[in-house]
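1. this one's structure only:
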């Protein structure tokens with residue numbers, strides 16, 4: 001039923017997904033040891049909720065508008081499962097906001113395939129990436145995807161290679177302006193921002209390690225299946241899928257470089273992996289196997305969510 005339900009884009013799918021997001025969000029927030037109804041807390045949690053919903057909308061838009069998936073909703077179902085696996089994301093506004101900006105960048109980069117207004121798209125994508133880096137520095141690694149996309153779609157125009165640097169200058173100027181306006185001073189501690197750690201074991205509970213192990217297994221399955229299936233993609237879509245592959249790899253790179261290796265950092269990989277997973281399920285001919293697999297994934301997501309409360 002789950003596979004057949006999400007095999008088409010239906011309004012009910014969005015309602016059902018939204019229902020699970022709302023329920024899981026409020027369950028998680030009310031199990032935290034804090035006063036949810038304090039003004040500051042309420043504003044922060046409201047912002048996180050809006051950003052999470054907006055992220056779902058963007059993932060659905062990117063996958064369907066760019067024909068990365070067929071006319072189905074598997075991508076948002078998998079994105080929901082990943083969020084359930086790491087519920088602490090629902091309390092980390094900086095990472096959620098940073099990822100939201102990267103989704104906006106990914107939307108613009110994949111749309112470069114049409115070759116309409118490439119310079120504007122390159123500027124927008126770079127702008128969102130540098131803005132994302134203000135909230136989590138190592139998300140700046142996504143700028144590599146901008147240059148990869150330029151190579152794929154518009155590398156012959158040398159001006160396109162300069163546009164990301166113009167975006168960087170614009171974000172820097174805006175950051176100075178807002179810092180001076182709201183705080184009366186401008187500070188940017190690069191030494192603190194660029195710290196790197198390769199300790200993957202610290203600050204994780206047993207259940208968090210279980211969630212990480214499960215996610216790694218799912219990631220290997222989804223990514224490997226689509227790498228092997230790459231040659232079967234339509235020729236006019238292969239560059240777009242390459243962007244998704246690189247997006248996932250860069251997201252893993254962000255996690256690997258980050259000083260604080262909480263599972264929250266994996267959020268950057270959710271969207272590309274959800275798209276790859278949706279493609280894998282679209283290829284499965286055995287409906288019983290597809291249904292069973294999705295039910296198992298959904299059960300794993302809910303179980304890990306409950307265990308980490």
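-> Looks like it arrived, so ask away. The shown structure was predicted, so the numbers you read here are calculated from the model rather than taken from an experiment.
2. How far away from the center of its chain is the longest helix seen in the chain?
-> Ordering each helix of the chain by length in residues (DSSP state H) puts helix 39-65 first. Relative to its chain's centre, helix 39-65 lies at 11 Å (Cα atoms, centre = their mean, to the nearest Å).
3. and the next helix or strand along the chain from it, what does it pack onto?
-> For helix 39-65, the following helix or strand on the C-terminal side (DSSP states H and E) is helix 74-85. Applying 3 or more Cβ pairs under 8 Å, 6 or more residues apart in numbering; DSSP states H and E, we find helix 74-85 packed against helix 11-31, helix 39-65, helix 206-228, helix 267-283, helix 287-307. (C-beta placed from N, C-alpha, C; glycine too.)
4. Let me know the angle separating the fourth one from helix 287-307.
-> When you say that, I think you mean helix 267-283. 160 degrees (axes from the mean of the first three to the mean of the last three Cα atoms, to 10 degrees).
5. what packs against helix 267-283?
-> helix 39-65, helix 74-85, helix 93-110, helix 206-228, helix 238-257, helix 287-307.
6. Just name the most buried of those.
-> helix 74-85 (a mean of 25; mean count of other Cβ atoms under 10 Å).
7. returning to that earlier point: so which of the helices and strands packed on helix 267-283 gets nearest residue 168?
-> Nearest of the helices and strands packed on helix 267-283 to residue 168, taken as Cβ to Cβ: helix 93-110 at 13.2 Å.
8. Let me know whether residue 277 touches residue 77 as I believe.
-> No. With contact defined as Cβ atoms under 8 Å, residue 277 and residue 77 do not form a contacting pair (9.0 Å).
9. Low-confidence ranges, the stretch 1-150 of the chain, go.
-> For the stretch 1-150 of the chain, the stretches with pLDDT under 70 are 33-37.
10. The same query, at a cut-off of 80, please.
-> For the stretch 1-150 of the chain, the stretches flagged by pLDDT under 80 are 1, 32-41, 115.
11. Please enumerate residues in contact with stretch 39-55?
-> Here stretch 39-55 makes contact (Cβ atoms under 8 Å, 6 or more residues apart in numbering) with 18, 21, 25, 29, 34-36, 79, 83, 90-93, 96-97, 99-100, 103, 271.
12. rerun at 10 Å
-> 17-18, 21-22, 24-26, 28-29, 32, 34-36, 38, 76, 79, 83, 89-104, 267, 270-271 (Cβ atoms under 10 Å, 6 or more residues apart in numbering).
13. Stretch 59-67 now?
-> Outside stretch 59-67, the residues touching it (Cβ under 10 Å, 6+ apart) are 9, 13-14, 17, 68-76, 78-80, 103-104, 106-111, 113-114, 234, 236-237, 240, 243-244, 270-272, 274-275, 278-279.
14. Can you get me the start-to-end distance on stretch 153-166?
-> Distance across stretch 153-166, first residue to last, is 19 Å (Cα to Cα, to the nearest Å).
15. Kindly list the main-chain dihedrals of residue 285?
-> Here is the backbone geometry of residue 285 (degrees, to the nearest 10): phi -90, psi -30.
16. what about it, neighbour count?
-> By the criterion of other Cβ atoms under 10 Å, residue 285 has 6 neighbours.
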